[in-house]
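**Student:** Using only what follows, build the 3D model:
(chains A and B)
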Amino acid sequence: MENNTVRVRFAPSPTGYLHLGSLRTALFNYLFTRHNNGKFILRIEDTDQSRKIEGAVENLINILNTFGLTYDEGPGAGGEHAPYFQSERLEIYRKYCDELLASGHAYYAFETEEELEEMRRIQQMQGKQTMYDRRARNLSESEVKAKLTSGVPHVVRLKIPLDEEIKFHDIIRGNVKIETSLVDDQVLLKSDGYPTYHLANVIDDHLMKITHIIRGEEWLTSVPKHIILYNAFGWEVPQMAHVPLILNPDKTKLSKRQGDVATEDYLEKGYLKEALINFMALLGWNPGEGETREIFSLDELEKLFNLEKVQSSGAVFNIEKLNWMNGEYIKNYNLDRLTELSIPFMQAAGFDIRDREKAKRVLHVIRTALNRLDEIGKHTAQFYKEKLEFTPEQKNMLEEESSQKVLRTLLAKTEKLEMITTANFKPIIQEVQKETGIKGKNLFMPIRIAFVAEDHGPELGWVAYALGKATVIERLKCGVH
RNA sequence: GGCGCAUUGGUGUAAUUGGUUAACACGCCGCCCUCUCAAGGCGGAAAGUACGGGUUCGAUCCCCGUAUGCGCUACCA
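**Tutor:** Next up, the predicted model:
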């Protein structure tokens, strides 16, 4: 039973923020795991000492949690394959690397980075392809021993078999084959003693019993290196699925240069996590079979997701559609939760939101106009005016004889109301219309202006509801002479 | 340059094992609703499936070639 449990991993390197592409990779991994009742493992690939960033891991875990992409094993969650930080597994890599050295699948190399650069420069000048010329493969045993004992800095490289063809199957792309003559003798162990991605990744995936590797397409061409490693160790190769890239509008790989790529930034702008998840899931995947719905909860996605329906070509990140989808979520969200989420944005816009009930009413009334929570300020402002300031045109409108009639009649009727609800104010306006014979713009505009000193906004009945009876009465009294 | 992957309206996608007026959504345009702004409803423009060859009675779907795009080509992941 243990043997056929699906085990999947998300293995980011902590960069300080979660790239949208990584979010989607994490999501696909998560969905695949849950769909198959498997285990989701989080592993931190922090083998690049030069890119260490303080707090990056905490941030990453935080984000995964807020999106509900919970993992079964990993930092904080424990698990029998700990530690889950590659930087804490150095001895493991070293041990397996020694094995490779002993079996002749790997070898020591002593070139400095400068020498390698020089080598590449020459190759480039000669029009040859740039790759390690494998010179250290010819070092005699005694030469190697001498350099080692005298402490010359060294790396360990993978001995790629010459002239073989590596074939493999990718769940998303089908069969792929690559000539080994084109594959570089990859560095496995760096001179600082840290493993490269390739070594650490293969060892950990095997040790952690990963059954399916789901990662970005940019890894596709390095699969042969990994397969050679699995073979050298005599390990079974996990199944693989390389998901398409997320692209900029100009079809290049989604990058920082052309907008926000950090998931955090989207949260800050008031995109809801449910909308982000929903949208990212549909970027490169769809349920197929004529399904035309597009709004899916995480639960629904878990039920529907399968790797076979993942697209094989890159998907442009269409922010217009995200905006629409986010708007859909805002319109249909539980109002109390929406209010909670909105409070920080209202605060940021400088409103006094101590009255939660009012904030809730305001949200109820303006949510249809919203695509993002950070747009809240401009739609909410009219409900939080301390005192009204009228434009000359608005003043004229209020002074009109008919306007005064409308306001007076409305005031009398409003005072009789116990409280204003979403439904009971509109009928009152209609009564005013009947009694005064005034209708259309001449009926509504004076009221709107008297209420909020604005020409636009939600329908009047709702404006009154959001304002509350006390304010409505007060404003009407102000408007009447 | 080499290698790999990809290619359905502007964008995301759909199209039972080859047979559809090539569907849905976003965006865009128009109309309706309406005090305004949104939302909502209705409708429209927009791809003959990158191009060229095959295979087939028939190809978006299978095969080959070309073009284009992207990715990789580090002691980064």
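
**Student:** can you list the residues of the stretch 351-481 of chain A near RNA strand B?
**Tutor:** Residues of the stretch 351-481 of chain A found near RNA strand B (Cβ under 7 Å from any atom of the strand) are A:368-369, A:440-441, A:443-445, A:448, A:455-461. For glycine as for every other residue, the C-beta is placed from the backbone atoms N, C-alpha and C.

**Student:** Counting only helices, which of those make the cut?
**Tutor:** Members of these lying in helices (criterion: DSSP state H): A:441, A:443-445, A:448, A:460-461.

**Student:** Can you tell me which of these are buried?
**Tutor:** Taking 16 or more other Cβ atoms under 10 Å as the criterion, what is buried in these is A:443-445, A:448, A:460-461.

**Student:** Tell me where the stretch 301-450 of chain A has helices.
**Tutor:** Secondary structure of the stretch 301-450 of chain A (DSSP state H, counting those that start in this stretch): helices at A:319-332, A:335-348, A:356-366, A:376-380, A:392-399, A:401-416, A:426-436, A:441-452.

**Student:** Check whether the worst-scoring helix or strand of chain A on mean pLDDT comes into contact with RNA strand B.
**Tutor:** Ranking every helix and strand in chain A by mean pLDDT, DSSP states H and E puts strand A:174-179 at the bottom, with a mean of 90. Yes. Using Cβ under 7 Å from any atom of the strand, strand A:174-179 reaches RNA strand B at A:174-179.

**Student:** so can I have CSV of these showing neighbour count?
**Tutor:** Formatted as CSV, the residues of strand A:174-179 next to RNA strand B follow (neighbours: other Cβ atoms under 10 Å):
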residue, neighbour count
A:Gly174, 8
A:Asn175, 8
A:Val176, 16
A:Lys177, 9
A:Ile178, 19
A:Glu179, 12
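
**Student:** So stretch A:97-116, near RNA strand B or not?
**Tutor:** Yes. If you take Cβ under 7 Å from any atom of the strand as the test, stretch A:97-116 does meet RNA strand B, through A:111-113, A:116.

**Student:** most neighbours, which of those residues?
**Tutor:** Counting neighbours by other Cβ atoms under 10 Å, A:Glu111 leads the residues of stretch A:97-116 next to RNA strand B with 18 neighbours.

**Student:** For that residue, give me phi and psi.
**Tutor:** phi -70, psi 150 (degrees, to the nearest 10).

**Student:** what pLDDT does it get?
**Tutor:** pLDDT, A:Glu111: 95.

**Student:** For it, which non-adjacent residue is closest in space?
**Tutor:** Nearest in space to A:Glu111, with sequence neighbours left out and distances taken as Cβ to Cβ, 6 or more residues apart in numbering, is A:Ala136 at 7.0 Å.

**Student:** didn't that neighbour look like it was pressed against A:Leu116?
**Tutor:** No. Using Cβ atoms under 8 Å, A:Ala136 is not in contact with A:Leu116, being 11.0 Å away.

**Student:** quick one: average pLDDT of stretch A:323-341?
**Tutor:** For stretch A:323-341, the mean per-residue pLDDT is 97.

**Student:** Stretch A:363-370 too?
**Tutor:** Stretch A:363-370 shows a mean pLDDT of 96.

**Student:** now swap in stretch A:406-417 and tell me
**Tutor:** When pLDDT is averaged over stretch A:406-417, the result is 95.

**Student:** Tell me where the stretch 101-250 of chain A has strands.
**Tutor:** Along the stretch 101-250 of chain A, the segments classed as strands by DSSP state E, counting those that start in this stretch run A:106-109, A:155-158, A:165-170, A:174-179, A:187-189, A:212-216, A:239-243, A:246-247.

**Student:** I would like the residues contacting the helix or strand that the shortest one is followed by, please.
**Tutor:** Heading C-terminal from strand A:246-247, the first helix or strand you meet, by DSSP states H and E, is helix A:263-268. Surrounding helix A:263-268, the residues in contact under the criterion Cβ atoms under 8 Å, 6 or more residues apart in numbering are A:17-20, A:23, A:59, A:63, A:66, A:260, A:273, A:276, A:374.

**Student:** do the same with stretch A:425-432
**Tutor:** With contacts defined as Cβ under 8 Å, 6+ apart, stretch A:425-432 is touched by A:406, A:409-410, A:413-414, A:417, A:438, A:443-444, A:447, A:459-461, A:464-465.

**Student:** and with 10 Å instead?
**Tutor:** Applying Cβ atoms under 10 Å, 6 or more residues apart in numbering, the set of residues contacting stretch A:425-432 from outside is A:405-414, A:416-417, A:420, A:438-439, A:443-444, A:447, A:459-465, A:467, A:469, A:472.

**Student:** Selection in ChimeraX covering whichever of the residues you listed are buried, please.
**Tutor:** To isolate the buried subset of those in ChimeraX, counting by 16+ other Cβ under 10 Å, use the following:
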select /A:405,406,407,408,409,410,411,413,414,420,438,443,444,447,460,461,462,463,464,465,467,469,472
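
**Student:** picking that back up, determine which two of the ones in helices among the residues of the stretch 351-481 of chain A next to RNA strand B are furthest apart.
**Tutor:** Between any two of these, the greatest separation by Cβ to Cβ is 16.5 Å, found for A:Lys441 and A:Gly461.

**Student:** Need the buried ones among the ones in helices among the residues of the stretch 351-481 of chain A next to RNA strand B in CSV (columns: pLDDT).
**Tutor:** Listed next are these as CSV, based on pLDDT from 0 to 100:
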residue, pLDDT
A:Leu443, 95
A:Phe444, 96
A:Met445, 95
A:Arg448, 97
A:Leu460, 95
A:Gly461, 95
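
**Student:** In contact with the residue nearest to A:Glu111, which residues?
**Tutor:** Here A:Ala136 is in contact with A:107-111, A:143-144, A:147, A:154-155, A:157, A:185 (Cβ under 10 Å, 6+ apart).

**Student:** Any of those buried? List them.
**Tutor:** Buried members of these, counted by 16+ other Cβ under 10 Å: A:107-111, A:144, A:147, A:154-155, A:157, A:185.

**Student:** from those residues, which single one is nearest A:Pro392?
**Tutor:** Distance to A:Pro392 across those (Cβ to Cβ) is lowest for A:Val155, with 78.0 Å.

**Student:** Could you report the neighbour count for A:Met325?
**Tutor:** Neighbour count of A:Met325, defined by other Cβ under 10 Å: 21.

**Student:** Let me know whether it touches A:Glu274 as I believe.
**Tutor:** Yes. Contact between A:Met325 and A:Glu274 holds when scored by Cβ atoms under 10 Å: they sit 9.4 Å apart.

**Student:** any residues in contact with both of these two?
**Tutor:** Listed as contacting both A:Met325 and A:Glu274 by Cβ under 10 Å, 6+ apart are A:Ile295.

**Student:** Any figure for the gap between A:Ala281 and A:Lys251?
**Tutor:** From A:Ala281 across to A:Lys251, the span is 21 Å (Cβ to Cβ, to the nearest Å).

**Student:** Give me the more crowded residue out of those two.
**Tutor:** When neighbours are counted by other Cβ under 10 Å, A:Ala281 and A:Lys251 differ, and A:Ala281 comes out ahead with 22 against 10.

**Student:** For the closest residue to that one other than its chain neighbours, which residues are in contact?
**Tutor:** Spatial nearest neighbour of A:Ala281, chain neighbours left out: A:Leu301 (5.3 Å); criterion: Cβ to Cβ, 6+ apart. Counting by Cβ under 10 Å, 6+ apart, A:Leu301 makes contact with A:27-28, A:30-31, A:34-35, A:277-278, A:281-282, A:285, A:287.
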